[in-house]
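>>> Build me a model:
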Amino acid sequence: MDRRLEASDPSERPDSVLHRLMSGAWVAQSIYVAAKLRIADALASGPAPVDEVAERVGAQPAALFRLMRALASLGVLREVESNRFELTDVGTYLRSDVAGSMHALALTITEFDWDPWKQLLHSVRTGETAFELVHGKEPFDYLRDNDELRSVFSRAMTSYVTENGIAVAESYDFSHARTVVDVGGGHGTLLAAILAQHAHIDGILLDLPEVTEQARHELSSAGLEDRVTCVDGDFFTEVPAGKDVYVLASILHDWDAERARRILATCRRAMPEHARLLVIEAVIFPGNEPAFAKLLDLEMLVCFGGRERSLDEYAELFAATGFRMEKSFPLRAAATAIVAVPI
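The predicted model follows:
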């Protein structure tokens, strides 16, 4: 699903455009509440009257009607007759049980991002993250100490990685590879997608011990325990050596240039000359067209201290760490795959 922002209607008055953009916080909160109440799940079997939905989700009927009416005006729901609503194709992705679900992402954008984003002004004035200012901890430490939010955040990232994992598995030529190393591979969603498409490949997943424990369970549930080895480790210091393809999916954007170079240098030390590096990120392209990557770059400024980068900026990182960019190609969810070779 393409997460580019919709361009404005050329016939819309400029002040109307600005007014609509300024109300974006209202839209985000409306979608968050719909996700929190699981309204889409309540409508999964078909259209239903507001009173019935209110009973299912635990809401006051008149207030819920006002929310659902607003969501219908946004294209998330559709009022099919008075006080009776159904999901649109867009709203279907708020269901928690569909492929590519954005339910967890809708929760994350408010429960993880909302308070730090109130301090965007601080980040723009100082160049510093706002997350630590608000929470007193770096984001990954904060997640480590908050089990419920960490689970929601993990599911949100899984939905994003699933789309791109399938696209990479279908688009990249893995015929030369026998072993793929997913560096910082989380719960193994992307690696599982690659292995499902390519029966000749085995995988290695490297991540922190608290992550690989869950990854082993997920990969075993997918029937891949005999094809994947989960390795506890730190990509700043060492990754498994001598393999064929090394994947960095949504890793480099979390870090500033110095630490991104450290990760790449660690991979380069481990890679034989025939190996390939496959980087998956939301790349920033020139021009003024609506682009999810440019807003995601602000998310990295506010919360993580990293950044989204252009292809030229990735080429510079590669050149500084012993790689040459070979090619790039678009994926789903506004992401791009970049292939680099050792030099």
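>>> When you work out contacts or count neighbours from here on, use the C-alpha atoms and nothing else.
Will do.
>>> For the residue nearest to D254 when sequence neighbours are not counted, identify the helix or strand it belongs to.
The shortest distance from D254 to any non-neighbouring residue, by Cα to Cα, 6 or more residues apart in numbering, is to G306 (4.4 Å). Counting by DSSP states H and E, there is no helix or strand that carries G306.
>>> okay, G306: pLDDT?
Looking at G306, its pLDDT is 95.
>>> Next: S154.
85.
>>> burial measure for it, as a count.
If you count neighbours by other Cα atoms under 10 Å, S154 ends up with 17.
>>> next helix or strand past the strand or helix carrying it?
Per DSSP H and E, S154 falls inside helix 147-171. Next helix or strand after helix 147-171 toward the C-terminus (DSSP H and E): strand 179-183.
>>> who does that next one pair up with?
strand 202-207 (parallel), strand 245-249 (parallel) (DSSP bridges).
>>> as a whole number, average confidence for it?
98.
>>> and what of stretch 140-151?
The model assigns stretch 140-151 a mean pLDDT of 91.
>>> Endpoint to endpoint, it covers what distance?
Its first and final residues considered, stretch 140-151 spans 12 Å by Cα to Cα, to the nearest Å.
>>> Next: stretch 250-260.
End-to-end for stretch 250-260, by Cα to Cα: 12 Å.
>>> now do stretch 220-236
27 Å.
>>> what residues does it touch?
For stretch 220-236, contacts defined as Cα atoms under 8 Å, 6 or more residues apart in numbering pick out 183-184, 192, 201-209, 212, 215-216, 219, 239, 259, 262-263, 266-267.
>>> Give the buried subset of the residues you listed as a ChimeraX selection command.
Here is the ChimeraX command that selects only those of the contacts of stretch 220-236 that count as buried (16 or more other Cα atoms under 10 Å):
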select :183,184,192,201,202,203,204,205,206,207,208,212,215,216,219,239,262,263,266,267
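>>> Double-check the residue nearest to D254 against W255; I have them as touching.
Yes. Using Cα atoms under 8 Å, G306 is in contact with W255, at 4.0 Å.
>>> what about these two, which has more around it?
G306 (22 against 18).
>>> Against G185, how distant is the more buried one?
Counting by Cα to Cα, the gap from G306 to G185 is 18 Å.
>>> can you check E138 too?
Taking Cα to Cα, one finds E138 at 20 Å from G185.
>>> okay, the two: which has more neighbours?
Per other Cα under 10 Å, whichever of E138 and G185 has more neighbours is G185, with 25 against 17.
>>> was I right about that one contacting A249?
Yes. Using Cα under 8 Å, G185 is in contact with A249, at 7.5 Å.
>>> coming back round to it: identify whichever of the strands paired with strand 179-183 lies nearest to Y93.
Closest to Y93 of the strands paired with strand 179-183 is strand 245-249 (Cα to Cα; 22.7 Å).
>>> shaky segments in this protein?
1-8, 333 (pLDDT under 70).
>>> got the domain boundaries for it?
14-93, 156-342 (automatic domain parsing).
>>> Could you say which of these is packed most deeply?
Across the domains of the chain, averaging neighbours per residue (mean count of other Cα atoms under 10 Å) puts domain 156-342 on top, at a mean of 19.
>>> end to end, how far does it reach?
End-to-end distance (Cα to Cα), domain 156-342: 33 Å.
>>> Packing partners of the helix holding S154?
On a contact count with 3 or more Cα pairs under 8 Å, 6 or more residues apart in numbering; DSSP states H and E, helix 147-171 meets helix 103-111, helix 139-144, helix 189-197.
>>> residues in contact with the residue of the chain most remote from its centre?
Using Cα atoms, centre = their mean, the residue of the chain lying farthest from its centre is S82. It sits 37.0 Å away. Neighbour list for S82: empty [criterion: Cα under 8 Å, 6+ apart].
>>> please begin residue numbering at 285 from this point
Happy to do that; since the first residue is 285 now, the last one works out to S366.
>>> Now it: phi and psi?
Backbone torsions of S366, given as degrees, to the nearest 10, read phi -50, psi 120.
>>> so can I have JSON lines of the domains of the chain showing distance to G384?
Formatted as JSON lines, the domains of the chain follow (distance: least, Cα to Cα, whole Å):
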{"stretch": "domain 298-377", "distance to G384": "7"}
{"stretch": "domain 440-626", "distance to G384": "5"}
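>>> among those domains, which is nearest P400?
Minimum separation from P400 across these (Cα to Cα) falls at domain 440-626, 6.5 Å.
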